[in-house]
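# I'll drop the sequence and a predicted model, then ask my questions.
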Amino acid sequence: MIRPSVRGTLPEAIDVITNRTARRLHDAGLPWTPSEGDRFVLPGRGMDADVFTIAAMVVEVRDAPAGRLIAFNGTTEWALDAVEQAEAIWLPREEQLREALGSAMLSLVRAEDGWRCTVRVDRRLVEVAAAEADEAYAEALLQVLQADG
């Protein structure tokens, strides 16, 4: 079971793949061993826009009569206590996508309209394009996973 520790939306400065792409990776069988800092969503619970981050300790800022407090909590105080890992859709970061590509990864190049990622799938080269680098990695990884499956 995963204990979601931090709930919120992603700051604009943090790039992650789309929920749709993450779902496709999940459905294609991308293995995930949850670790601190990983982000995920819980679809179908009325919280599709909420992004959760696995953290050892929840730290939040609270307003108090004496001013702002930085509060350290052992658990999150809300109705969702725990969920099965299979229910969570992992939002891998760019470096995690590169790592998952492993030796299949050949190149990522900037293109006029975004990014192009080239991978080796079996004995052929496959190039995918996307507007963002992390999405290009994800699309390439889907090609690799589908060939393995």
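Received, thanks.

# tell me the spacing between the residue nearest to Phe40 when sequence neighbours are not counted and Asp50.
Leaving aside its sequence neighbours, Phe40 sits nearest to Ala88 (Cβ to Cβ, 6 or more residues apart in numbering; 4.3 Å). All C-beta atoms are positioned from the backbone trio N, CA, C, and that covers glycine. Using Cβ to Cβ, to the nearest Å, we find Ala88 at a distance of 12 Å from Asp50.

# overlap in contacts, these two.
Shared contacts of Ala88 and Asp50, defined by Cβ atoms under 8 Å, 6 or more residues apart in numbering, comprise Val41, Leu42.

# more crowded one of those two?
Ala88 (23 against 16; other Cβ atoms under 10 Å).

# give the contact list for that one.
Per Cβ under 8 Å, 6+ apart, neighbours of Ala88: Ile2, Pro34, Phe40, Val41, Leu42, Phe52.

# any idea of the pLDDT on the fifth one?
As summarised for this prediction, Leu42 has a pLDDT of 89.

# and it, backbone torsions?
phi -120, psi 90 (degrees, to the nearest 10).

# please enumerate the helices of the chain.
Secondary structure of the chain (DSSP state H): helices located at 19-27, 94-101, 133-148.

# I am finished for the moment; much appreciated.
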